[in-house]
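1. my questions are about this predicted structure, shown below with the sequence.
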Amino acid sequence: MARAEALRSQPSPRLPDSIQKILALPAQDGRVFAPADIRVEPSDVFVASFPKCGTTWMQQIVHGLRTGGSMDFEEISLVIPWLEFPQLSGVDVGGPQVARPRAFKSHLRWEVIPKGGRYLYITRAPADALVSFYHFLEGWMFEPGAYSVADIYEGVFLNELLFGNYWTHLRSWWQVRERDDVLLMTYEDLIEDLEGAVRRIGGFMGLDVDDALAAKVTHQASFGFMHAHQGQFDDHPTTVALNALAGLPLEVRTTKVRTGRVGDSARLPASIHAALEAAWKEDIEGPLGIPSYARLRQLLNESRDCASD
C-alpha cells in the first residue's frame, strides 16, 4: 500500500523540453545502439534507408513477397527486425525468421552495414523526409507544437546522428548503386508505379512473382491498407522499450503511416526550402555533380532503363 502511494506521488514522466534532451536520449547517444553481429547469408535482404524515407513501406513489400501476403504478425519489426537496436525489440536478430529469405531493417550507411547479402535502399526528396521526420518526433519526443519544423531541421535533422545525416547517407549508398547486390529506389517511384516496384523488388530478391502475388502485395502495400492496419506498423515494441529506458511516458506512441503523399513539404517556409537547397548544393552537387533531387531520380531511372535493355 505504501509503495503504491509512493509511486502515485512521483511526478509523471514528461516529454523532452529541449533539443539537447532529444539528442541525449539513449537511442541517440549509443547506450542501446549496438548493431547485431549476425552471420550474413547470401540470400539475406537488408531494407536500408535514412529514417523517414520509406523503410516501413519497403519492409511490408518484402515481407508480403516472401510470405505470399501474410499479415500474421503483431508488428512488422518483429518479423523484419531492426539490426541496430536488438535490445529494444527483444527479437533474436540473427536467428531464424518466419520466412525466407531473411530480411532486416537498417539505417546504417553502406560503409558500416554487414556485407554479404542483398541490399534494398530507398531514398526520398529531402524536404518530404524532413516533414515526415518532424511529425514522427512530434508528440513522442517533444510536446505537440513545442518546436517548429525549422527548430527540428536546425537542431536535429542537420546533426550527424547515429546514422549520419540525410546527405552523407545518400552519398554513401549512391556510390554503390550499380552493384548487382544493391537495388536503389526512390519513394516517388513507388508512388508512381507501386506494382512495377513490387515486381522489381521480388525479382531482386530472387522470387517468382506471378500476377496474383503482385496484385496482393501491391494492395497490402497501399496507403489505405497500411493505414487501416497501422498498429502493425507503429514500431510499438521498440517504442515502449525506449520510453521505459529514457523515462518517457509509457503510453506515448508514434506512427509510421501518416499521409503516404509526395509534396507534403510544399507548405514549408521559404527559408527552409532555401536551406535544403543550399545543403544539397554543398553536400550532393559539390561531390557528385547532381544539381537536384529531380535530376538524381532521372539518372537513377535512366540507369535502370539501360540495364533492362
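-> Thanks, I have it. Numbering: from 1, shown residues only.
2. can we go C-alpha only for contacts and neighbour counts from here?
-> Will do.
3. contact partners for the residue sitting nearest the centre point of the chain?
-> Computing the C-alpha centroid of the chain and ranking residues by Cα atoms, centre = their mean puts Thr55 first, at 3.4 Å. Listed by Cα atoms under 8 Å, 6 or more residues apart in numbering, the contact set of Thr55 reads 47-49, 105, 122.
4. which pair of those residues spans the longest distance?
-> The two members of these with the most space between them (Cα to Cα) are Lys105 and Ile122, at 11.5 Å.
5. ok, back up a step: against Ala127, how distant is the residue nearest to the centre of the chain?
-> Counting by Cα to Cα, to the nearest Å, the separation of Thr55 from Ala127 is 17 Å.
6. what about the helix or strand containing Ser271, average pLDDT?
-> When elements are assigned from DSSP states H and E, Ser271 belongs to helix 270-280. Rounded to a whole number, the mean pLDDT of helix 270-280 is 93.
7. can you check stretch 289-301 too?
-> The predicted confidence, averaged over stretch 289-301, sits at 96.
8. centre of the chain to that stretch, how far?
-> Relative to the centre of its chain, stretch 289-301 is centred 21 Å away, using Cα atoms, centre = their mean, to the nearest Å.
9. again with stretch 55-69
-> Per Cα atoms, centre = their mean, the displacement of stretch 55-69 from the mean C-alpha position of its chain is 14 Å.
10. what helices or strands is the helix or strand Ser303 falls within leaning on?
-> Secondary-structure element containing Ser303, defined by DSSP H and E: helix 293-308. Using 3 or more Cα pairs under 8 Å, 6 or more residues apart in numbering; DSSP states H and E, the elements in contact with helix 293-308 are strand 182-186.
11. check which residues of the helix or strand that comes right after the strand it packs on are buried.
-> Counting by DSSP H and E, the next helix or strand C-terminal to strand 182-186 is helix 187-192. By neighbour count, with 16 or more other Cα atoms under 10 Å as the criterion, the buried positions of helix 187-192 are 187-190.
12. also stretch 99-118?
-> Neighbour-count burial for stretch 99-118 flags 101-110, 113-115, 117-118 (criterion: 16+ other Cα under 10 Å).
13. now do it, average pLDDT.
-> Rounded mean pLDDT across stretch 99-118 is 96.
14. from Val198, how far out is Asp235?
-> Taking Cα to Cα, one finds Asp235 at 23 Å from Val198.
15. now swap in His229 and tell me
-> The spacing between His229 and Val198, counted by Cα to Cα, is 19 Å.
16. the two: who's more crowded?
-> Under the criterion of other Cα atoms under 10 Å, the comparison of His229 against Val198 puts Val198 first, with 24 against 15.
17. surely that one is in a strand?
-> No: under DSSP: H, G, I helix; E, B strand; the rest coil, Val198 falls outside any strand and is assigned helix.
18. quick one: the strands in the chain, in order.
-> Listed in chain order, the strands found in the chain under DSSP state E are 45-48, 103-106, 118-123, 182-186.
19. the third one vs helix 293-308, what angle?
-> If you take axes from the mean of the first three to the mean of the last three Cα atoms, to 10 degrees, strand 118-123 sits at 150 degrees to helix 293-308.
20. list the strands paired with strand 118-123, with their directions.
-> Using DSSP bridges, the neighbouring strands of strand 118-123 in the sheet come out as strand 45-48 (parallel), strand 182-186 (parallel).
21. as CSV, those with mean pLDDT, mean neighbour count and distance to Leu88 would be great.
-> Rendered in CSV, the data for the strands paired with strand 118-123 read as follows (pLDDT from 0 to 100; neighbours: other Cα atoms under 10 Å; distance: least, Cα to Cα, whole Å):
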stretch, mean pLDDT, mean neighbour count, distance to Leu88
strand 45-48, 98, 26, 19
strand 182-186, 98, 20, 28
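22. okay, those strands in JSON lines with distance to Tyr147 next?
-> Formatted as JSON lines, the entries for these read as follows, by distance: least, Cα to Cα, whole Å:
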{"stretch": "strand 45-48", "distance to Tyr147": "28"}
{"stretch": "strand 182-186", "distance to Tyr147": "29"}
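23. which among those is found nearest to Thr239?
-> For these, distance to Thr239 was read as Cα to Cα. The smallest value, 19.5 Å, belongs to strand 45-48.
24. which other residues reach that closest one?
-> Counting by Cα under 8 Å, 6+ apart, strand 45-48 makes contact with 55, 58-59, 101-108, 117-122, 205, all of which sit outside it.
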